[in-house]
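Participant: Pasting the sequence and the predicted model now:
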Amino acid sequence: MVGDDGPACAAGASTAQGNPESGWSRLTTGGCPFWNRDLDWAGDSLVAQISDSLRAVAAGRGLEFLGLRDTLQSREVCATAASLSDGAPSPTTSEWTRFLVSGVGQGDLQESFHPNAYAERGLGRCPCSGPRRPGASRVAIRPGSPTRR
């Protein structure tokens, strides 16, 4: 059996669109409604703590662990390399994460910050994409074919 964590769904401040942080311009110009400090806390602290806790549980139960937290790198919400879908999403240019959902529009509220259909497609291919290198536990998905690292 294999245990896993979930992918980080928001970009870190260093790769966030919509800089600088001032008023509503970050949201209206870059489409990112979060401040750098919050993005860094979520990516560097919150996601890391959740991932480390799940890794420890898997190890305690003798399970192999597949670290997925970096799988959406450059496809997260607010990433400069990805764009918020304007109704015509693209697997190569759009974010692969559901945005902060208010319950009106892009799905149910509980789907906020979860992988969308493009990410799920990539994640579905990933564990089956070939043998793992010894010691490899982190996976990165890029548009096209998934790679392991």
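Facilitator: Sure, I can see it.

Participant: From now on I want contacts and neighbour counts done on CA atoms only, so please keep to that.
Facilitator: Noted.

Participant: ok, what's across the strand from residue 66?
Facilitator: Beta bridges link residue 66 to residue 4 when assigned by DSSP bridges.

Participant: you'd agree it is up against residue 4?
Facilitator: Yes: using CA atoms under 8 Å, residue 66 is in contact with residue 4, at 4.7 Å.

Participant: How about the contacts made by residue 46?
Facilitator: When the contact criterion is CA atoms under 8 Å, 6 or more residues apart in numbering, residue 46 has no partners at all.

Participant: so where's the chain uncertain?
Facilitator: Within the chain, the stretches with pLDDT under 70 are 1, 18-20, 29-30, 85-86, 100-110, 126-149.

Participant: for it, what spans make up the strands?
Facilitator: 2-4, 64-66, 139-140, 147-148 (DSSP state E).

Participant: ok, the closest residue to residue 58 other than its chain neighbours - how many residues close by?
Facilitator: Nearest non-adjacent residue to residue 58, counting by CA to CA, 6 or more residues apart in numbering: residue 3, 5.8 Å away. Close neighbours of residue 3, defined as other CA atoms under 10 Å, add up to 16.
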